[in-house]
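Student: A predicted structure for the sequence below; I have some questions about it.
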Amino acid sequence: MDELLVARVRMLDQQGRSVKAIARDVGTSAGDVVGVLNGAASGLGRGGPRCWVNAGWSRSVDLEGAPQWAGLDPGASDAEEVRGLVAVLVAADSTRSTKAQVAGFLLDVWCLGVKNALAPEPMGESRLAGHRGLYFSAFEGHVQVPADLARALVFGAAAYARGFGFEPEGELAEEFVEAAVLLGEPAGPSPIGFGRDGKPFFVNGPYDDPEAVLRTLRRAVGDDGFHFEVAFPEQPFRRRRLFGPRR
């Protein structure tokens, strides 16, 4: 991106425009816009992204290969029942703006990987604080974690699900790509273990298609290669926008 476009991107960001709106205005991809706002064109801003996950996140994954992160979930023993869901919120600061670019992910760490994603949106600190509280309102609180842990959760869950044939599609895929730019590239394969008891475990939400998921799992690992629990059979199968994640 040339210097004039970079300057225009930053000007539109300071006006409070969304990443998608800026991308449409300047005729580039949302990923390029996020890269500019995150300082990718001239070095990261104030130390890289800040990241938070829901309390109890560690109870849904296997940390045997990542013992350094086992102590980063002080509320795990008191958290609500294990559901296999992990919410991640990311705020990337910029040297060119007082606002951070904020994105989010809802992960099914037992089976489907990325269930929802929120594309980057500019937020000042006051708005971010309110957004964070609402974002994690379906959980028993949240905790700030290193970016490496957030990357391991997000990209690791996505890779785990991909192995069984599950990928974000359509609008979700676009928003996942845009949000993932804020995290940056992972250092390597995730050391976190996904699934439950060594196998994928599918627990559907009201906006999943259980029959399609079970067909995909049977093709990938056979009838004995996974576990499942199906509820909400009467619900329509459509994507719900995440804001206060619930299964």
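Tutor: Arrived safely, thanks for sending.

Student: please enumerate the helices of this protein.
Tutor: Using DSSP state H, the helices of the chain run over 3-14, 19-26, 30-37, 125-135, 147-162, 170-183, 210-221.

Student: give the rounded mean pLDDT of the last one.
Tutor: So that's helix 210-221. Computed over helix 210-221, the mean pLDDT rounds to 96.

Student: and it, which residues are buried?
Tutor: Neighbour counts using 16 or more other C-beta atoms under 10 Å place 210, 213-214, 216-217 of helix 210-221 among the buried residues. C-beta coordinates here come from the backbone N, C-alpha and C atoms, glycine included.

Student: equivalent analysis for the longest one, please.
Tutor: Neighbour-count burial for helix 147-162, counted by 16+ other C-beta under 10 Å, picks out 147-158, 160-161.

Student: just the CA trace of it, in PDB.
Tutor: Extracted in PDB, the C-alpha atoms of helix 147-162 (Å, rounded to 0.1, in the frame of the first residue of the first chain):
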ATOM      1  CA  ALA A 147      -0.900 -13.000  23.000                       C
ATOM      2  CA  ASP A 148       1.000 -16.300  22.400                       C
ATOM      3  CA  LEU A 149      -1.700 -18.100  24.400                       C
ATOM      4  CA  ALA A 150      -4.500 -16.400  22.500                       C
ATOM      5  CA  ARG A 151      -2.800 -17.400  19.200                       C
ATOM      6  CA  ALA A 152      -2.500 -21.000  20.300                       C
ATOM      7  CA  LEU A 153      -6.200 -21.100  21.200                       C
ATOM      8  CA  VAL A 154      -7.500 -19.500  18.100                       C
ATOM      9  CA  PHE A 155      -5.300 -21.000  15.400                       C
ATOM     10  CA  GLY A 156      -5.000 -24.300  17.200                       C
ATOM     11  CA  ALA A 157      -8.700 -24.700  17.500                       C
ATOM     12  CA  ALA A 158      -9.100 -23.800  13.800                       C
ATOM     13  CA  ALA A 159      -6.500 -26.300  12.800                       C
ATOM     14  CA  TYR A 160      -8.000 -29.000  14.900                       C
ATOM     15  CA  ALA A 161     -11.400 -28.600  13.400                       C
ATOM     16  CA  ARG A 162      -9.900 -28.300   9.900                       C
END
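
Student: now for the residue nearest the centre of the chain: which residues touch it?
Tutor: Residue closest to the average C-alpha location in the chain (C-alpha atoms, centre = their mean): Phe105, at 2.2 Å. For Phe105, the contacting residues are 87-88, 90, 114, 116-118, 154, 176, 179, by C-beta atoms under 8 Å, 6 or more residues apart in numbering.
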